[in-house]
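Participant: sequence and predicted model, in that order:
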Amino acid sequence: MKILIVGASGSIGSQVLLHCLSHPDITAVVAFVRRNLPANISGHPKLQCVIIQDFSKWPEEVLHAHSDAVGMLWNMGTNTGDMLADLEYPLAFIESMGRVLETQSSRPPFKYVHLSGKFVRQNQEEKLCFLEEARKMKGRLETRSLAFANNHAAIWKTFIVRPGAVATENLLIPGVIATVLGETLSVRVEELAAFMTYLAMDGRGEDSLIENTRIVRKGRELLEQHRNNIKP
Ligand SMILES: NC(=O)c1ccc[n+]([C@@H]2O[C@H](COP(=O)([O-])OP(=O)(O)OC[C@H]3O[C@@H](n4cnc5c(N)ncnc54)[C@H](OP(=O)(O)O)[C@@H]3O)[C@@H](O)[C@H]2O)c1
């Protein structure tokens, strides 16, 4: 099984990448990056890195070459809102890959898994007391990527994951932070990575919009299975 990833250099995306590489059912991971990943990871035998100069222009031949992937894990983004990274780039991928898939004979729908966030808002009229434009910009992406899936149901499925605070390795005591905030507000990055990967590989029965509690609970279950599977 081949899987695509964007944002693999980020604090969340790097853990999603590691999870994919360690998954026994994933045989190939293609990371679209703007600069090379660290040498300790870029040499992994399952990993292919493809340098993208401009994420608003996806060369058709590149997408064709990877249209056999089950899905895309989109981890690019900013906290403060960037029109390119948070809106235009993911939409450019969705539309470009959609055009390529429409030319192909029947295959299971491509799963687009987008890393959004708990505080993102689709309602553009709502008054917000912090990061209003960033949260609404990401909300527009949610709305448009879900609409794309509705209009292209034969070839496309969109999953939006909306974690609260993600406890990553960069935090001093990630496990403690996740425990203190609880399962509605926080998720450990390993649980999020396992959950996102599962959505791209399968995701049957999951809602299109997925909130923190579901990510934590299913993520824990998946991690447990994963640990048992990779035991020597
Ligand atoms: N951390 C949390 O607790 C949390 C919680 C909920 C949601 N989120 C959301 O999850 C997303 C990722 O968070 P993170 O903490 O992993 O962020 P991060 O460590 O800053 O990583 C961001 C990723 O996006 C890429 N990126 C950003 N701007 C780009 C651009 N203009 N062109 C190409 N690539 C670009 C970065 O690539 P380079 O390495 O090449 O710069 C990197 O791979 C963000 O949207 C964030 O708001 C985070």
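Facilitator: The structure has been received and is ready for your questions. Values in this document were obtained by computation on a predicted structure and should not be read as measured data.

Participant: residues in contact with residue 66?
Facilitator: Shown in contact with residue 66 (CB atoms under 8 Å, 6 or more residues apart in numbering): 2, 4, 30. Glycine gets a C-beta too; all of them are placed from N, C-alpha and C.

Participant: which positions in the host helix or strand of residue 140 come out as buried?
Facilitator: Assigned by DSSP states H and E, residue 140 falls within helix 132-151. For helix 132-151, the neighbour count (16 or more other CB atoms under 10 Å) marks 134-142, 144-146, 148-149 as buried.

Participant: now the strands for the chain?
Facilitator: Along the chain, counting by DSSP state E, strands occupy 2-6, 28-33, 47-51, 71-74, 110-115, 156-162, 165-167, 186-188, 209-211.

Participant: re the thing from before, same for the helix holding residue 140, what does it pack against?
Facilitator: With contacts taken as 3 or more CB pairs under 8 Å, 6 or more residues apart in numbering; DSSP states H and E, helix 132-151 sits against helix 89-102, strand 110-115, strand 156-162.

Participant: hmm, stretch 27-36 in reach of the ligand?
Facilitator: Yes - legend: contact between stretch 27-36 and the ligand by CB under 6 Å from any ligand atom is shown at 34-35.

Participant: which positions within that stretch qualify as buried?
Facilitator: 28-33.

Participant: what about it, average pLDDT?
Facilitator: Across stretch 27-36, pLDDT averages out at 97.

Participant: do the same with stretch 120-133
Facilitator: On average, stretch 120-133 scores 97.

Participant: ends of it, what's the gap?
Facilitator: 10 Å (CA to CA, to the nearest Å).

Participant: get me the contact residues on this protein for the ligand.
Facilitator: Checking the chain against the ligand by CB under 6 Å from any ligand atom, the hits are 7, 9-13, 34-35, 55, 75-79, 82, 84-85, 115, 117, 163, 165-166.

Participant: list the ones among the residues you listed that fall in helices.
Facilitator: Those of these mapping onto helices are residue 13, per DSSP state H.

Participant: returning to what we had before: got CSV for the contacts of residue 66, with distance to residue 93 too?
Facilitator: Below are the contacts of residue 66 laid out as CSV (distance: CB to CB, whole Å):
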residue, distance to residue 93
2, 16
4, 9
30, 13
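
Participant: from these, which single one is nearest residue 153?
Facilitator: Of all those, residue 153 sits closest to residue 4, with 20.2 Å by CB to CB.

Participant: OK, contacts around that closest one?
Facilitator: Per CB under 8 Å, 6+ apart, neighbours of residue 4: 29-32, 66, 69, 71-73.

Participant: and for residue 125, the neighbour number?
Facilitator: 6 (other CB atoms under 10 Å).

Participant: now do residue 15
Facilitator: Neighbours around residue 15, by other CB under 10 Å: 22.

Participant: you'd agree it is up against residue 187?
Facilitator: No - shown here, residue 15 and residue 187 do not form a contact pair, counting by CB atoms under 8 Å, at 11.4 Å.

Participant: turn the strands of the chain into CSV, including distance to residue 121.
Facilitator: Putting the strands of the chain into CSV (distance: least, CB to CB, whole Å) gives the following:
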stretch, distance to residue 121
strand 2-6, 23
strand 28-33, 28
strand 47-51, 33
strand 71-74, 19
strand 110-115, 15
strand 156-162, 11
strand 165-167, 17
strand 186-188, 19
strand 209-211, 12
